[in-house]
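> A predicted structure for the sequence below; I have some questions about it.
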Amino acid sequence: MKNLHFQYGKEAIFEDLSLQVNQEEFVSVIGPSGSGKTTLFRLITGLEAPQQGEVLLQGKAVTSAGGRIGYMPQRDQLMPWRTILENVILPLELQGIRKKEACEKALPLLASFGLEGTEHSYPGELSGGMRQRVSFLRAYLTGAEVLLLDEPFSALDAITRLSMQEWLTAQWTKWKKTIIFITHDLDEALFLSDRVFVTSTPPMTSLKELQIPLARPRTMEDVNDPSLLQVKRELLRQFRAEGVL
Amino acid sequence: MKQVAERYYFLSIGIFLSFLLVWEITARGIALAFILPSPTEVIIRLWELREPLLLTHLPATLSIILVGLIISVLLGTGLASWMSWNTTAEKAFYPLLIASQTIPVIALAPIFVLWFGYSIWSKVAVAVLITFFPITVNTFDGLRSTSRELKELMRTMGASRKDIFLKLSLPSALPSFFSGLKVAVTLSVIGAAIGEWLGAQEGLGYFSRRMMTQFDGAGVFAPIVLLSLVGVLLFIGVVVLEKWILKWRSYT
């Protein structure tokens, strides 16, 4: 992302903002609500266009929405009238792949994503956690190298959320994708990411960046690692200084 | 849940039977069958007239209803799709659509007879004119209520406007379409009957009116009983179709 400038009406949100995400990296964006996290996402997906600067994906500018990024929205946004299998093949269908072929491609993946036996169920029959798995598989099946996850676990209960976080880490390791993850949950960001970007009050010219000093593979217990707690304290101190906490 | 449903029907059947009972007693009290025939007289007359009613007049009315409904569905969903696709079309047609409902159809029906003669089409025109509105408006509202988030998600997947319309707007408008269709099937019976009343040579509405001129009270009511049966059966038919097509709804 290079020299990005974006404003809604007269109010600038980003001014000359640049940041880079590397291949196969897991990056989180965290910040208080209203701090432009979702705007950042809409810029990356191409749903919004920056007034100045550009969003580059593997060297090519993102000029409009269109199939280059796998997006997993906040609520699962599955189509209730489609079965699980029909939901996950949606991106393939939109790429013009025939339904039969798309099903053949998607079916074996259901098991890998912990969804075996659900292919003919409707989204209404599945729990919130399972629905998010379907939503993630659908984003994966776009074939995009970069997956954008917008607070995907915010609507889940605490226990389900923990298991989904471990599940996501495993999936990320398996499929070697670049993941950009938005959250307002500090622990979630620290546990999942290689790097964390912190948004603050607009207009922003840069985002604070934190390296997470944990080795992989990680388990939930690592959240209490002293080095991680140090990062967390630092972040909290900054939030207090900015008056968001 | 099932028990609640049974009690529900039980209640309405009970009320209906007591209504018939009061009617029967009143009719016998008045004892002027050409003004108020009793339910039993109507049933007996229905049995006596079964051949002309079921073989000549019911098929005539049914074909008006079905042809009218098919035209309304095609025209209504077509116009609704066009209006949701194109804002200019919406601005042009939506007000006209509302205004069309202020036209007293009963007053127009004789003109249709003038235009289309005693053929089926004058009656179909009446049926279409009153069933077309609920189908169009409901379908259009359904198409308009498409989830914005899903639309954006599909755009990030590179979906074209056509993709979004076919794979998102259309399926999400189906429940509203069925609500419109349920209203339309009951209205179509009324439309066909009105049409036949005003100018026809066969049909249940026509037959009812002919019996009126002969002061045959039970003969007036017999085809009306059939008409309302047709309406109820059509309604049930649509509900069954809806349950089958929208079976995913039972899971949400």
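Everything's here; your move.

> can you tell me how far the residue positioned nearest the centre of chain A sits from chain B?
Closest residue to the average C-alpha location of chain A: A:L149 at 1.8 Å, with CA atoms, centre = their mean. Per CB to the nearest CB, to the nearest Å, A:L149 is found 13 Å from chain B. No exception for glycine: its C-beta is placed from N, CA and C like everyone else's.

> name the SS class of that residue, please.
A:L149 carries the three-state label strand when classified by DSSP: H, G, I helix; E, B strand; the rest coil.

> my read: it touches A:E188, true?
No. A:L149 lies out of contact with A:E188 (CB atoms under 8 Å); the separation is 10.7 Å.

> where does pLDDT dip in chain B?
Low-confidence segments of chain B, defined by pLDDT under 70: B:1-7.

> in space, not sequence, find me the middle residue of it.
Note: chain B centre (CA atoms, centre = their mean) maps to B:V185, 2.1 Å.

> what does chain A have sitting close to chain B?
By CB under 8 Å from any CB of the partner chain, the residues of chain A that approach chain B are A:45-47, A:65-67, A:69, A:71, A:73, A:75, A:77, A:79-82, A:90-91, A:93-95, A:121-125, A:142.

> so which of those are in strands?
Counting by DSSP state E, the part of the residues of chain A next to chain B found in strands is A:I69, A:Y71.

> please pick the buried ones from the residues of chain A next to chain B.
Among those, those classed as buried by 16 or more other CB atoms under 10 Å in any protein chain shown are A:45-47, A:65-67, A:69, A:71, A:73, A:75, A:77, A:79, A:81-82, A:90-91, A:93-94, A:121-123, A:125, A:142.

> in helices only, show me the residues you listed.
Using DSSP state H, A:T45, A:L90, A:P91, A:E93, A:L94 are the members of these that sit in helices.

> wait, B:I194 sits on B:S122?
No. With contact defined as CB under 8 Å, B:I194 and B:S122 do not form a contacting pair (10.9 Å).

> and these two? Which one has more around it.
Neighbour totals were compared for B:I194 and B:S122, and B:S122 leads with 23 against 17 (other CB atoms under 10 Å in any protein chain shown).

> report the two of the ones in helices among the buried ones among the residues of chain A next to chain B separated the most.
Using CB to CB, the pair of these lying farthest apart is A:T45 and A:E93, separated by 19.1 Å.

> tell me if A:S200 really is in a helix.
No. Counting by three-state DSSP, A:S200 is not part of a helix but coil.

> so how far is stretch A:109-124 off the chain centroid?
Relative to its chain's centre, stretch A:109-124 lies at 21 Å (CA atoms, centre = their mean, to the nearest Å).

> circling back to that earlier point, between B:I194 and B:S122, what contacts are shared?
B:A109 (CB atoms under 8 Å, 6 or more residues apart in numbering or on different chains).

> just checking, the residue nearest to the centre of chain B touches B:G68?
No. Shown here, B:V185 and B:G68 do not form a contact pair, counting by CB under 8 Å, at 10.1 Å.

> what touches both of the two?
Taking CB under 8 Å, 6+ apart as the criterion, B:V185 and B:G68 both touch B:T131.

> all strands for the chain, in order.
Using chain A here. Using DSSP E, strands in chain A cover A:2-8, A:11-17, A:26-30, A:52-54, A:56-57, A:60-61, A:69-72, A:146-150, A:178-183, A:195-198, A:208-211.

> pick out the shakiest of the ones you listed, pLDDT-wise.
For the strands of chain A, mean pLDDT drops lowest on strand A:2-8, to a mean of 54.

> tally of neighbours for B:N86?
Each residue near B:N86 was counted by other CB under 10 Å, and the total is 12.

> please report how far it lies from B:F177.
19 Å (CB to CB, to the nearest Å).

> and for A:L235?
Distance, A:L235 to B:F177, using CB to CB: 52 Å.

> which of those two has more neighbours?
When A:L235 and B:F177 are compared on other CB under 10 Å, the one with more neighbours turns out to be B:F177, at 24 against 19.

> in stretch A:147-159, what's buried?
Buried, per 16+ other CB under 10 Å, within stretch A:147-159: A:L147, A:L148, A:L149, A:D150, A:E151, A:P152, A:F153, A:L156.

> what about the residue in the stretch 101-250 of chain B that chain A sits nearest to, which helix or strand?
Using CB to the nearest CB, B:G158 is the residue of the stretch 101-250 of chain B that sits closest to chain A, at 3.1 Å. Using DSSP states H and E, B:G158 sits in no helix or strand.

> give me the number of residues near it?
By other CB under 10 Å, the residues close to B:G158 number 18.

> how about B:I65?
Counted by other CB under 10 Å, the residues lying close to B:I65 total 25.

> ok, it - contacts?
By CB under 8 Å, 6+ apart, the residues touching B:I65 are B:A127, B:V185, B:S188, B:V189, B:G191, B:A192, B:V230, B:L234.

> can you check B:T156 too?
By CB under 8 Å, 6+ apart, B:T156 lies in contact with A:T45, A:G46, A:L47, A:A65, A:G66, A:G67, A:I69, A:Y71.

> got a markdown table for the strands of chain A, with distance to A:L137 too?
What follows is these, written out as a markdown table (distance: least, CB to CB, whole Å):
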| stretch | distance to A:L137 |
| --- | --- |
| strand A:2-8 | 30 |
| strand A:11-17 | 32 |
| strand A:26-30 | 18 |
| strand A:52-54 | 30 |
| strand A:56-57 | 22 |
| strand A:60-61 | 26 |
| strand A:69-72 | 10 |
| strand A:146-150 | 11 |
| strand A:178-183 | 14 |
| strand A:195-198 | 25 |
| strand A:208-211 | 30 |
